[in-house]
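S.K.: Whatever this is, show me its structure:
(one chain, ligands or ions: 1)
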Amino acid sequence: MINKDMLSLGEKRSAIRELFEEGKILKEKYGSDKVFDFSIGNPSVPCPDEFNAAIKNAVNANAPDLHGYTSAAGDKKTRDAISTYLNKTYGAKTTGDLIYMTVGAAAALSITLRALSSSDMSDEVIVFAPFFPEYSVFIKNANAKVISVAPNLNTFYPDMNDFENKITKNTAAVIINSPNNPTGVYYNKSVLESICKILDKKQREFDHPIYLISDEPYRELLYTYDKYDFITNFYDNSIITYSFSKALSIPGERVGYILVNPKCENASQVFSAICGAGRSLGYVCATSLFQFVVPHCLNLTSDTNVYKRNAEILYKELSNIGYKVVKPDGAFYLFVKAPIDDDNAFSKKALEYNILIVPSESFGIKGYVRIATCVTEKMVLASLPKFRELFVHYNS
Ligand code: PLP
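M.R.: Numbers count the residues shown, from 1 in each chain. Sure thing, here's the model as predicted:
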């Protein structure tokens, strides 16, 4: 028998993928310079030259283990190099022994959620709306329930009262993502402190750990703050899921990692559960070539100024037109209030203007659209008259 849940996931594309496919049809019909595709978060600037050079060096050196299995958790030297980098950059006190190499953040999240949720369907995982739609898929696959916390609509930080009220004795974990997909908003020190204070209180009340999973694929894409506030410095029971996809522009190479905070209660057991979940899901030994390459690129990024500039142009110009735009601090997304309540209808209408923007419903909130700014500046500038026409359609 086919699993019905899996069948429905496979048959139903995500809203983002759906639009992406729609875009391909429009581009064939009208030509790609006439279509303004802001649908998908695929990095648009090339990876740093050093990344390609590191691949060539690794291949030329042709070490006997180049294409072999590493240990299930990943190559020891790679894990140690990542830990050394994190300690130096963020003043963290991590160790390579608590790092598990993965095929991107998607695997890192799936493994972590499986490791932290019991098998009896009783556990709950809290997410802050709006959130990356795949969180729901990964949480349900870990046999846990998705509990969504509303945002404060002025700041797009979590509504702290709603957060506190939604934590129950069944809360196993909370996921944060900052800078955020889809809003671009960054949770600064004071926001993190508020979240952690509530978690500390609730851990004491329910007398068990509540893990904070910090999903950080956009960590280096931060524009309005000088430094990233690293979660292990704020909350002991924290686990980081990271991806090299976005900052290095290598999403197709599928490499990332899980880091367990050494200060976590029973950290080595948590790590063993992660190894167990990796094993049970078949996520052992992330791609070896890229495990050997990333240690040479830890302090590099692609030219993220392109995203920053696109975000600045769109924020300014769309606000001037009359759209209500959430001010982004980082990542490569802009979150815009739809001029009507129905974000799906608005996104459909935008297609008539050859603009592809993602309705917010799949991010767990109604009435907004997401614009990906990882596109060319040329396309951004060319799209502005169409955004104006679209706005006028609703406001004439
Ligand atoms: N988490 C967030 C918030 C994302 O936006 C993405 C990808 O867009 C992922 C995780 C998955 O990243 P990866 O490509 O490394 O699997």
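S.K.: how much space is there between residue 292 and the ligand?
M.R.: For residue 292, the distance to the ligand (CB to the nearest ligand atom, to the nearest Å) stands at 18 Å. Glycine gets a C-beta too; all of them are placed from N, C-alpha and C.
S.K.: Tell me the predicted confidence for that residue.
M.R.: Note on residue 292: pLDDT of 96.
S.K.: any idea which element it lies in?
M.R.: helix 288-293 (DSSP states H and E).
S.K.: Give the buried residues for that helix.
M.R.: 288, 290-293 (16 or more other CB atoms under 10 Å).
S.K.: which one of those is nearest residue 238?
M.R.: Closest to residue 238 out of the buried residues of helix 288-293 is residue 291 (23.6 Å), distances taken as CB to CB.
S.K.: That closest one contacts residue 73, correct?
M.R.: No. Applying CB atoms under 8 Å, one finds residue 291 not in contact with residue 73, separated by 10.6 Å.
S.K.: what is in contact with these two at once?
M.R.: In terms of CB atoms under 8 Å, 6 or more residues apart in numbering, residue 291 and residue 73 are both contacted by the residues residue 101.
S.K.: Where does residue 127 sit: helix, strand or coil?
M.R.: Three-state call for residue 127 (DSSP: H, G, I helix; E, B strand; the rest coil): strand.
S.K.: so it bridges to which residues?
M.R.: Beta bridges link residue 127 to residue 148, residue 175 when assigned by DSSP bridges.
S.K.: burial count for it?
M.R.: Residues lying near residue 127 (other CB atoms under 10 Å) number 24.
S.K.: mind listing what it touches?
M.R.: Residues near residue 127 by CB under 8 Å, 6+ apart: 135-136, 139, 146-149, 174-175, 364.
S.K.: which stretch of helix or strand covers the nearest residue to residue 330 once chain neighbours are set aside?
M.R.: Among residues not flanking residue 330 along the chain, residue 179 sits closest, at 3.2 Å (CB to CB, 6 or more residues apart in numbering). Under the criterion DSSP H and E, no helix or strand holds residue 179.
S.K.: Now do residue 179: how many residues are near it, please.
M.R.: That count, for residue 179 with other CB under 10 Å as the rule, works out to 26.
S.K.: Now do it, the pLDDT please.
M.R.: Residue 179 is assigned a predicted lDDT (pLDDT) of 98.
S.K.: Surely it and residue 334 touch.
M.R.: No. Counting by CB under 8 Å, residue 179 does not reach residue 334; the two are 11.9 Å apart.
S.K.: overlap in contacts of the two?
M.R.: Common contact partners of residue 179 and residue 334 (CB under 8 Å, 6+ apart): residue 328.
S.K.: Any residues of this protein in contact with the ligand? List them.
M.R.: Counting by CB under 6 Å from any ligand atom, the residues of the chain close to the ligand are 41, 104-106, 132, 177, 181, 215, 217, 243, 245, 251, 256.
S.K.: try 5 Å this time
M.R.: Within the chain, the positions adjacent to the ligand are 41, 104-106, 132, 177, 181, 215, 217, 243, 245, 251 by CB under 5 Å from any ligand atom.
S.K.: Of the residues you listed, which belong to helices?
M.R.: Among those, the members falling in helices (DSSP state H) are 104-106.
S.K.: For residue 262, see how far away the residue of the stretch 151-300 of the chain found nearest the ligand is.
M.R.: Of all residues in the stretch 151-300 of the chain, residue 243 sits closest to the ligand, at 3.0 Å by CB to the nearest ligand atom. Using CB to CB, to the nearest Å, residue 243 is found at 22 Å from residue 262.
S.K.: Got the domain ranges for the protein?
M.R.: Domain assignment for the chain by automatic domain parsing gives 4-48+302-395, 65-296.
S.K.: picking up where we left off before, give me every residue that touches the residue nearest to residue 330.
M.R.: Contacts of residue 179 by CB under 8 Å, 6+ apart are 185-186, 218-219, 221-222, 328-331.
S.K.: try 10 Å
M.R.: For residue 179, the residues meeting the contact criterion (CB atoms under 10 Å, 6 or more residues apart in numbering) are 185-187, 216-225, 228, 328-333.
S.K.: cool, and residue 66?
M.R.: For residue 66, the contacting residues are 58-59, 288-289, 292, by CB under 10 Å, 6+ apart.
S.K.: and it, which of the three is it?
M.R.: The three-state label given to residue 66 by three-state DSSP is coil.
S.K.: For it, give its distance to residue 103.
M.R.: For residue 66 relative to residue 103 (CB to CB), the value is 18 Å.
S.K.: and if you look at residue 130?
M.R.: 25 Å.
S.K.: Those two: which has the busier surroundings?
M.R.: Taking neighbours as other CB under 10 Å, residue 130 and residue 103 compare with residue 130 leading, 28 against 19.
S.K.: Help me confirm that residue 371 is found in a strand?
M.R.: Yes. Under three-state DSSP, residue 371 sits within a strand.
S.K.: That one contacts residue 383, correct?
M.R.: Yes. If you go by CB atoms under 10 Å, residue 371 and residue 383 touch, sitting 9.2 Å apart.
S.K.: Need the residues touching each of the two.
M.R.: Residues touching both residue 371 and residue 383 by CB under 10 Å, 6+ apart: 36, 38, 314, 318, 355-357.
S.K.: Selecting buried members of these in PyMOL, what would you type?
M.R.: Selecting only the buried entries of the shared contacts of residue 371 and residue 383 in PyMOL, with 16+ other CB under 10 Å as the criterion:
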select buried, resi 36+38+314+318+355+356+357
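S.K.: The shared contacts of residue 371 and residue 383 in strands, which ones?
M.R.: Using DSSP state E, the members of the shared contacts of residue 371 and residue 383 that fall within strands are 36, 355-356.
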